[in-house]
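> take a look and give me a structure for this.
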Amino acid sequence: MRPDKIFYLIIITLLFASCSEEDPDYRQIWQKAHHLDDARMTAVYGEPSENMDKLFGAALEAVEGNWDKVRLLTEGSRPSDLFAYYHNLAMAMEGHLADSLMYYYQPFERGLFLPVDEKSGQMRIAASSEVWYRLGEMTMAEHSAMLAQIFSPEHFGVPYLKRLAEINLVNGQDEAALKYLRLLSAEDGCAEWVEDRLPGQESRKVREEISLLRSFAHRSDMVHRPTDYRGVLKSLLASNPDNQLAREYLLCLDIIVKDLGHFIEDYDPSRDRSRLYDEAVLIFLAQRGAMTPENVAHFRLSPEILQEFTDYNNMVIFNQGEMEPMQKKYGKTYWFFYQYAKRNVK
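Residues are numbered from 1 along each chain as shown. All right, here's what the predicted structure looks like:
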């Protein structure tokens, strides 16, 4: 057989195999992980729906660190805090948060952190732990995971037991971790997961993750409000300046809440490179009449983006600030978000 025909045969075979794979039934997995019968599952989470199934999937895959799957599950989904939260985290874990931020629905800081109070739903409480854990903020992560367990149906959930076991491993609390691991060992499909995390016998991959997260931990205690996201991120970076996830979350938090003063304070143009950051810098400089050659050079702004910023402002004047024509051409820029995005008032 000719080599080119062999090549096409391989491609067709791979495509057929990928198309024949069925997506996991995330609703069923979630139901089983929470020990719910059909009636209870429907009473708590409603009838099956595509969006809800995707949220179940994003939550389950995030706990396992399957970020490619989280990204695919949240792409193109309807605007919501939870979808934005999981999508942003997936992009951050893949190293693309800043470059992707303006290409997805952003509900201001709620796309990065989920505030939790007495009115929060169980899915939101459960999700809120994930970012804190990945950032290395184990106190907040444990608090959210415990609340998720308490407010879950039947006060049980495999995802929260897994998270609590891992948090205690990171904190060096082996006895507490073993308590959760013993509970998980009785759950179908968890034997290998538990075996990989037995204290002193962890797999290489798990040891490396635990070591990394330990290096992120606060070096000193701090008292803060639950919604002092910037304060927590600054504290994490003071403890470990190499915590790149915390650094990217800090810069994107400044940008998404339109706090350009703090953004410039936090930003280092010699190490933080993204088109998003350049667009934010240009707004800051323009607002202060500081578009000097020295500042342009300091912030490493290219002639191309300077010209595009000029074109943007000229188009705003030409259209008298009308949003629709601006959105068609510049809807994926921070300039457009900064000028037109408004918070929902409930």
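> OK, contacts around residue 71?
Residues in contact with residue 71, defined by Cβ atoms under 8 Å, 6 or more residues apart in numbering, are 87, 90, 91, 94. C-beta here means a position set from N, CA and C on the backbone, and glycine is covered the same way.
> please pick the buried ones from the residues you listed.
Buried residues within the contacts of residue 71, counting neighbours by 16 or more other Cβ atoms under 10 Å: 87, 90, 91.
> next, work out how far apart residue 297 and residue 228 are.
Going from residue 297 to residue 228 by Cβ to Cβ, to the nearest Å gives 35 Å.
> and those two? Which one has more around it.
For residue 297 versus residue 228, neighbours defined as other Cβ atoms under 10 Å are more numerous around residue 228 (13 against 10).
> quick revisit: from the contacts of residue 71, which is closest to residue 333?
For those, the residue nearest residue 333 by Cβ to Cβ is residue 91; the value is 17.4 Å.
> what would the buried ones among the contacts of residue 71 look like in CSV with pLDDT, distance to residue 206 and secondary structure?
Below are the buried ones among the contacts of residue 71 laid out as CSV (pLDDT from 0 to 100; distance: Cβ to Cβ, whole Å; DSSP: H, G, I helix; E, B strand; the rest coil):
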residue, pLDDT, distance to residue 206, secondary structure
87, 97, 26, helix
90, 98, 21, helix
91, 97, 24, helix
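> got the residues you listed as a markdown table, with distance to residue 117 columns?
Shown next, in a markdown table, are the buried ones among the contacts of residue 71 (distance: Cβ to Cβ, whole Å):
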| residue | distance to residue 117 |
| --- | --- |
| 87 | 23 |
| 90 | 25 |
| 91 | 27 |
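> picking that back up, closest to residue 107 among the contacts of residue 71?
residue 87 (11.5 Å).
> dihedrals phi and psi, the closest residue in space to the closest one that isn't next to it in sequence?
Spatial nearest neighbour of residue 87, excluding adjacent residues (Cβ to Cβ, 6 or more residues apart in numbering): residue 74 at 3.8 Å. Here is the backbone geometry of residue 74 (degrees, to the nearest 10): phi -100, psi -10.
> residues near residue 74, how many?
Neighbours around residue 74, by other Cβ under 10 Å: 26.
> what about the stretch 201-346 of the chain, any weak spots by pLDDT?
Within the stretch 201-346 of the chain, the segments meeting pLDDT under 70 span 221-224, 345-346.
> the helices in it, which residues?
204-216, 229-239, 244-256, 260-266, 275-287, 293-298, 303-318, 323-330, 334-340 (DSSP state H, counting those that start in this stretch).
> pretty sure residue 55 sits against residue 123.
Yes. Residue 55 is within contact range of residue 123, at 6.4 Å (criterion: Cβ atoms under 8 Å).
> more neighbours: the two, which one.
residue 55 (24 against 19).
> let me know the pLDDT of the more buried one.
On pLDDT, residue 55 comes in at 96.
> that older thread, buried deepest among the helices of the stretch 201-346 of the chain, which one?
Highest mean neighbour count among those (mean count of other Cβ atoms under 10 Å): helix 244-256, with a mean of 23.
> quick one, what contacts the residue nearest to residue 315 when sequence neighbours are not counted?
In this structure, residue 315 finds its nearest non-sequential neighbour in residue 326, 6.5 Å apart by Cβ to Cβ, 6+ apart. Neighbouring residues of residue 326 by Cβ under 8 Å, 6+ apart: 312, 315, 316, 319, 336, 339, 340.
> so which of the residues you listed comes closest to residue 81?
Closest to residue 81, out of all of the contacts of residue 326 and judged by Cβ to Cβ, is residue 340, at 19.7 Å.
> and for the closest one, nearest residue in space, chain neighbours not counted?
residue 323 (5.3 Å).
> returning to that earlier point: common neighbours of residue 55 and residue 123, please.
residue 82.
> how near is the residue nearest the centre of the chain to residue 239?
Central residue of the chain (Cα atoms, centre = their mean): residue 89, 1.4 Å from the mean position. With distances taken as Cβ to Cβ, residue 89 is found 21 Å from residue 239.
> could you do residue 69 as well?
Taking Cβ to Cβ, one finds residue 69 at 31 Å from residue 239.
> equivalent analysis for residue 144, please.
Counting by Cβ to Cβ, the gap from residue 144 to residue 239 is 20 Å.
> can you check residue 75 too?
If you measure residue 75 against residue 239 using Cβ to Cβ, the figure is 34 Å.
> go on, residue 278?
For residue 278, the distance to residue 239 - Cβ to Cβ - is 29 Å.
> phi, psi of residue 104?
Dihedral pair for residue 104: phi -140, psi 150, per degrees, to the nearest 10.
> which non-adjacent residue is nearest it?
Going by Cβ to Cβ, 6+ apart, residue 104 has residue 87 as its nearest residue, at 5.5 Å.
> check contacts around the one you found.
With Cβ under 8 Å, 6+ apart, residue 87 has these contacts: 70, 71, 74, 75, 77, 104.
> tally of neighbours for the residue lying closest to residue 239 once chain neighbours are set aside?
In space, and not counting its chain neighbours, residue 239 is closest to residue 219: 4.2 Å by Cβ to Cβ, 6+ apart. A count of neighbours around residue 219, defined by other Cβ under 10 Å, yields 10.
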